[in-house]
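Participant: have a look; sequence and predicted model below, questions after that.
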Amino acid sequence: MVPPDTIAALSTPSGEGGIGIIRLSGPRALAIARLLFVPRPRSAPLESHRLVLGELHDPRSREVLDEVLLTYMQAPRTYTREDVVEINCHSGPLVLKKIIEILIREGARLADPGEFTLRAFLNGRIDLTRAEGVIDLIQARSDQALTQAARLLQGELFEKIGILQEALLALLAQLETAIDFPEEELEIIDPAAWIRALEDQALGLLDDLIRAYEEGRPYREGVSLVIVGKPNVGKSSLLNRLLREERALVTPVPGTTRDTIEETLLIRGIPFRLIDTAGLHSSPDEVEQAGMARTRSKIADAQLLLFLIDRSQPVDDRDLGLYEEIKDRPHWVLLNKTDLPAALVEKDLGAFFPETIRLSLSARTGEGLDTLRERIGAWFLRDHPRETVPALVPNLRQKTIMEKARAALLEAREEMKRNVSPELIAVNLQQALEQLGVLVGRTTPEDVLEEIFSRFCIGK
Ligand SMILES: Nc1nc2c(ncn2[C@@H]2O[C@H](COP(=O)(O)OP(=O)(O)OP(=O)(O)O)[C@@H](O)[C@H]2O)c(=O)[nH]1
Ligand SMILES: [Mg+2]
C-alpha cells in the first residue's frame, strides 16, 4: 500500500477574522511544518499536543509570513489518527492563502472536502455514523438537531447497532447449529422462543429507530412553509418581515420574484423552511414560466401553504383560480395589506374561502406578524409535541438501510413460523447483518462513502 500523502487545508471559514487555523495531516505533516516554522525561542522543542509560539517563514525567500501558534499532535492520538499539525494564524484571506500555497509547494496536497474526517473513518477512529454526526453537527439548524447530532457523534447509534448485531449473531448461531445437526433441530431451536428473541432484541429496536427518524425529521430537515399567491400581493414582503431582513427583492412590479427563495426561520426552536415563490399567473415570459413550474413543485412538497391575497383589492379570478389549485393541500388564507382600506368584507371571504384559517396582517407595518408566528409554532407543536422528539434520530441513509434490515428480519420471522429450513432463514439473517455493516461503514460501497464525505466542507 502506498503511504498516504500529507494533506493541508484551512479549517476555519475564510475571510477576515481573529484566527484562521490551517491543518495538516499525514506522515510528513511535522516535516513540512518545520520547513516554515521557527519557534520562539529557536531551541523550543515541539512536544506533542503542546501549543508553541513562533513565526512562519517562506523557506525559499526567507520572508516572514505571520506570527503563529503551532500545535503538533503525534499519531495516533489525533483527529485523523495520523500526525497532525494545526497552525493558528491571523485570519486574513491573503496571508492564509499564501501559507497554504507554500505548504503545498513544500509537499502537502490540498485536502478534499471532508478528507480529514474520511481519514479518521478509514483509520478506524470513528465509524460511519459518527462521521455523519460530524456533518450533522456542523449543519444543524435547530437545538434539537444539534442534540441529535451530538448523540450520533458520541457513537450512540453505533452502540445500538452493535447490540443489534450481537443479538442477530446469537440467533444465527442457533440456526447454524441446527444446520450442522439436522436430527436435533427440534431440540436446538424452539421456534416460539426464537421468534420472541428476534422481536424483542432486534425488530423492536429497528422499529423504534425508524420511527425516531420520522419524528425527528422536521427538526433535522425543517418544516416547509410555502408562501403562494398571485403577483404583487406581498409574498416577498411577508418573507422579509418574517425573517426580519431584506432577503427578497420587493417592487410594485408584478412578477418581481422569478425563482423560489428559501430561508430558515426559527419559531420556538423549530426550523421552518420559509419559501417565497414566483407569483402564479399566466405569462408568456419563459423565465417566469420556469419560476412558476418551480413554485408548483414547492407547493406539492409543502407542509403548510400560506395563501396570500391583497385585502385592499377585490378577490379576482386569478386569486380564485390559484386557490382552486391549492385548496386541497394544508393551507391558511392570509389577508395582506391591512394598513390600506379593505376592499373585502368578512361575508365574501367566508364564501370564497370556506372553513379555512384566515389571518389578517400587513407585511408593510408588521401588524399581525406576531400572531402569525405564534400560530405557526402552535400548529406544528400540536401534532409534534416537543416531549415526543426522540433524542437519537437516524438520518435518511441510515433509516433506509434499517428498513432493508427489517424487511429481511420480517421474512425470517415468517419463515420460522412456517418451519422453513434453517438454511433459508439464515440467509435472511445474514442479509440483515450485511446491511448493518453498511450502516456503520464496515462494508459501505466506495461511492456511498464518497457521497457522504462530499457533503463536508474543505478543511473538516
Ligand atoms: N400598503 C402595503 N403594501 C404592501 C404590503 N405588502 C407588500 N406591499 C407592496 O406591494 C408590492 C408588491 O410586494 P411584493 O412583496 O414584491 O409582492 P410579491 O407577491 O412578492 O410579488 P411578485 O414577486 O411579483 O409575485 C410592493 O410595492 C410592496 O411594497 C402591505 O402590507 N401594505
Ligand atoms: Mg415576490
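Facilitator: Happy to help now that I have it. Residues are numbered from 1 along each chain as shown. Ligands and ions are numbered 1, 2, ... in the order given.
Participant: what's the closest non-adjacent residue to the residue nearest the centre of the chain?
Facilitator: Centroid-nearest residue in the chain: residue 136, 5.0 Å away (criterion: Cα atoms, centre = their mean). Counting by Cβ to Cβ, 6 or more residues apart in numbering, residue 136 lies nearest to residue 149, which is 3.6 Å off, once chain neighbours are set aside. The C-beta positions use only the backbone N, C-alpha and C, and glycine is treated the same way.
Participant: and what about that neighbour, helix, strand or coil?
Facilitator: Going by DSSP: H, G, I helix; E, B strand; the rest coil, the secondary structure assigned to residue 149 is helix.
Participant: same question, the one 3 residues further on
Facilitator: Following three-state DSSP, the label given to residue 152 is helix.
Participant: what about it, how many neighbours?
Facilitator: Neighbourhood size, residue 152 [other Cβ atoms under 10 Å]: 24.
Participant: packing partners of the strand or helix carrying residue 242?
Facilitator: For residue 242, the element it lies in under DSSP states H and E is helix 235-243. When contacts are defined as 3 or more Cβ pairs under 8 Å, 6 or more residues apart in numbering; DSSP states H and E, helix 235-243 packs onto strand 223-228, strand 261-267, strand 270-276, strand 304-310, strand 331-336, helix 369-383.
Participant: which stretches of the stretch 301-450 of the chain form helices?
Facilitator: Applying DSSP state H, counting those that start in this stretch to the stretch 301-450 of the chain gives helices spanning 317-326, 346-352, 369-383, 396-417, 422-440, 446-453.
Participant: pLDDT score for the residue in the chain sticking out farthest from the centre?
Facilitator: Here the chain reaches farthest from its C-alpha mean at residue 183, the gap being 52.5 Å by Cα atoms, centre = their mean. Here, the pLDDT recorded for residue 183 equals 85.
Participant: nearest to ligand 2, out of the helices and strands packed on helix 235-243?
Facilitator: Comparison of the helices and strands packed on helix 235-243 against ligand 2 by Cβ to the ion identifies strand 270-276 as nearest, at 6.0 Å.
Participant: check which residues of the host helix or strand of residue 217 are buried.
Facilitator: Following DSSP H and E, one finds residue 217 within helix 204-221. By 16 or more other Cβ atoms under 10 Å, the buried positions in helix 204-221 come out as 205, 206, 209, 210, 212, 213, 216, 217, 218, 219, 220.
Participant: check contacts around the closest residue to the last one other than its chain neighbours.
Facilitator: Closest residue to residue 220 apart from its sequence neighbours, by Cβ to Cβ, 6+ apart: residue 145 at 5.1 Å. Residue 145 sits next to 136, 219, 220, 271 when contact means Cβ atoms under 8 Å, 6 or more residues apart in numbering.
Participant: and the angle from the stretch of helix or strand residue 145 belongs to to strand 270-276?
Facilitator: Secondary structure from DSSP H and E places residue 145 in helix 143-153. Relative orientation of helix 143-153 and strand 270-276, computed by axes from the mean of the first three to the mean of the last three Cα atoms, to 10 degrees: 120 degrees.
Participant: which positions in helix 143-153 come out as buried?
Facilitator: Quick answer for helix 143-153 (16+ other Cβ under 10 Å): 144, 145, 147, 148, 149, 151, 152, 153.
Participant: tell me which helix or strand comes right after that helix.
Facilitator: Once the chain leaves helix 143-153, the next helix or strand it forms, by DSSP H and E, is helix 156-180.
Participant: what does the chain put close to ligand 1?
Facilitator: Residues of the chain found near ligand 1 (Cβ under 6 Å from any ligand atom) are 229, 231-237, 250-252, 254-257, 279, 336-337, 339-340, 362-364.
Participant: what helices or strands is the worst-scoring helix or strand of the chain on mean pLDDT leaning on?
Facilitator: Ranked by mean pLDDT, DSSP states H and E, the weakest helix or strand in the chain is helix 185-188, scoring a mean of 80. The contact analysis (3+ Cβ pairs under 8 Å, 6+ apart) places helix 185-188 against helix 156-180.
Participant: show residues contacting the helix it packs on.
Facilitator: So helix 156-180 is in contact with 127, 129-130, 151, 184-185, 188-189, 194, 197-198, 201-202, 205-206, 209, 392, 394, 398, 409, 422-423, 425-426, 429-430, 432-433, 436, 439-440, going by Cβ under 8 Å, 6+ apart.
Participant: could you identify the buried members of those residues?
Facilitator: 127, 129-130, 151, 185, 188-189, 194, 197-198, 201-202, 205-206, 209, 392, 394, 398, 409, 422, 425-426, 429, 432-433, 436, 439-440.
Participant: check the nearest residue to residue 285 once chain neighbours are set aside and give its pLDDT.
Facilitator: Using Cβ to Cβ, 6+ apart and skipping the chain neighbours, the partner closest in space to residue 285 is residue 255 (7.3 Å). Residue 255 carries a pLDDT value of 83.
Participant: isn't residue 155 up against residue 125?
Facilitator: No. Residue 155 lies out of contact with residue 125 (Cβ atoms under 8 Å); the separation is 11.0 Å.
Participant: need the residues touching each of those two.
Facilitator: If you check residue 155 and residue 125 against Cβ under 8 Å, 6+ apart, no residue is contacted by both.
Participant: if we can go back for a sec, show me how far the helix holding residue 242 is from its chain's centre.
Facilitator: 25 Å (Cα atoms, centre = their mean, to the nearest Å).
Participant: and the next helix or strand past the least confident helix or strand of the chain?
Facilitator: That would be, after helix 185-188 and using DSSP H and E, helix 191-198.
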